[in-house]
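S.K.: here is my input; please provide its structure:
(one chain, ligands or ions: 1)
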Amino acid sequence: MPKLELLPAVDVRDGQAVRLVHGESGSETSYGSPLEAALAWQSAGAEWLHLVDLDAAFGTGDNRALIAEVAGAMDIKVELSGGIRDDASLEAALATGCRRVNLGTAALETPEWVAKVIAEHGDKIAVGLDVRGTTLRGRGWTRDGGDLYETLARLDAEGCARYVVTDIAKDGTLEGPNLGLLRDVCAVTDRPVVASGGVSSLDDLRAISLLVPEGVEGAIVGKALYAKAFTLEEALKAVAV
Ligand SMILES: O=C(O)c1ccccc1N[C@@H]1O[C@H](COP(=O)(O)O)[C@@H](O)[C@H]1O
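M.R.: Model prediction:
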């Protein structure tokens, strides 16, 4: 059985590494330099970095130069998201050398463009399915964007390679992941799923690991690492097989 991939998160707002609660603007806790955080996760043994431009996601500007600096400094694989919604932002994102990008809002608002870039870029494109209940949310998670399962079926048909599934109700809360949601998504798609939201303990990571045979490929870990609930070294050991 392949091991669960862990993706420590660096979310950037106004030049700082931050964590939000439920993705709400204004709920930030700041953790300093994004580059230092990313280098720390890399030194601790991460194989992936989940890097988010929150200002671009919220529409409050962007951190494009800093994001490019962080991505460029990494020897590990980078998954980049936030504000990638058109050809120019996609080109800038891919030019950072990242391994793949996550599209959120675009998958809800410009489905034709997303189908086109999936066809062009294959597994360099993942779609972030950010949900409250089973309703997708876009534009910094402030707007409803349709039904999770209808959108998933459409994206599957278009050849989307991978999904990053975030339960907004859990994100940044340290309340544990929504394992039921992950199981439900894996039951309706054969594409790999990256779990996001709520991880609080090594036991949560072990519980997500048990879903690898069902299609969960990875887990994003944010607040728990910054809050020092466990170290990344401990987390990597907990999911090693
Ligand atoms: O990660 C967050 O905490 C977050 C909070 C609010 C909005 C977006 C967030 N992150 C990621 O941003 C992309 C979506 O950006 P866009 O809609 O494509 O501009 C997605 O991967 C979210 O998970």
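S.K.: ends of stretch 67-85, how far apart?
M.R.: With CA to CA, to the nearest Å as the measure, stretch 67-85 spans 16 Å from end to end.
S.K.: wait, I meant stretch 182-194
M.R.: Terminal residues of stretch 182-194 are spaced 9 Å apart (CA to CA).
S.K.: buried residues in that stretch, which are they?
M.R.: Neighbour-count burial for stretch 182-194 flags 182, 185-186, 189, 191-194 (criterion: 16 or more other CB atoms under 10 Å). Placement of C-beta: from N, CA and C, glycine included.
S.K.: now stretch 30-50
M.R.: Within stretch 30-50, the residues scored as buried using 16+ other CB under 10 Å are 31, 33-35, 37-42, 46, 48-50.
S.K.: could you do stretch 91-100 as well?
M.R.: Using 16+ other CB under 10 Å as the test for burial, stretch 91-100 gives 92-94, 96, 98-100.
S.K.: and the contacts of it?
M.R.: Contact with stretch 91-100 is made by 48, 51, 64, 67-68, 71-72, 77-80, 84, 101, 121, 123-126, 162, as judged by CB atoms under 8 Å, 6 or more residues apart in numbering.
S.K.: list just the nearest of the buried residues of stretch 182-194 to Leu148.
M.R.: Ranked by distance to Leu148 (CB to CB), the buried residues of stretch 182-194 are led by Val185 at 7.6 Å.
S.K.: any weak-confidence spans in this structure?
M.R.: Applying pLDDT under 70 to the chain flags no residue at all.
S.K.: for the residue in the chain positioned nearest to the ligand, give me its contacts.
M.R.: The chain approaches the ligand most closely through Gly104 (2.8 Å), counting by CB to the nearest ligand atom. Counting by CB under 8 Å, 6+ apart, Gly104 touches 57, 81-82, 127-128, 130, 138.
S.K.: check which helix or strand the residue nearest to it when sequence neighbours are not counted maps to.
M.R.: Ranked by CB to CB, 6 or more residues apart in numbering and with sequence neighbours excluded, the top spatial neighbour of Gly104 is Gly128, at 4.2 Å. Taking DSSP states H and E as the definition, Gly128 sits inside strand 125-132.
S.K.: following element in sequence after that strand, please.
M.R.: Following strand 125-132 in sequence, per DSSP H and E, is strand 135-138.
S.K.: re the thing from before, and which of the buried residues of stretch 182-194 is nearest Asp11?
M.R.: Closest approach to Asp11 among these (CB to CB): Val194, at 15.2 Å.
S.K.: look at that closest one and give its secondary structure.
M.R.: strand (DSSP: H, G, I helix; E, B strand; the rest coil).
S.K.: show me what the host helix or strand of Leu7 is packed against.
M.R.: In the assignment (DSSP H and E), Leu7 maps to strand 5-13. Other helices and strands packing on strand 5-13, by 3 or more CB pairs under 8 Å, 6 or more residues apart in numbering; DSSP states H and E, are strand 16-19, helix 34-43, strand 48-53, helix 54-58, helix 64-73, strand 216-221, helix 232-239.
S.K.: most tightly packed of the ones you listed?
M.R.: Across these, the average number of neighbours (mean count of other CB atoms under 10 Å) peaks for strand 48-53, which reaches a mean of 26.
S.K.: and that strand, which strands flank it?
M.R.: Looking at strand 48-53 with DSSP bridges, its partner strands are strand 5-13 (parallel), strand 77-81 (parallel).
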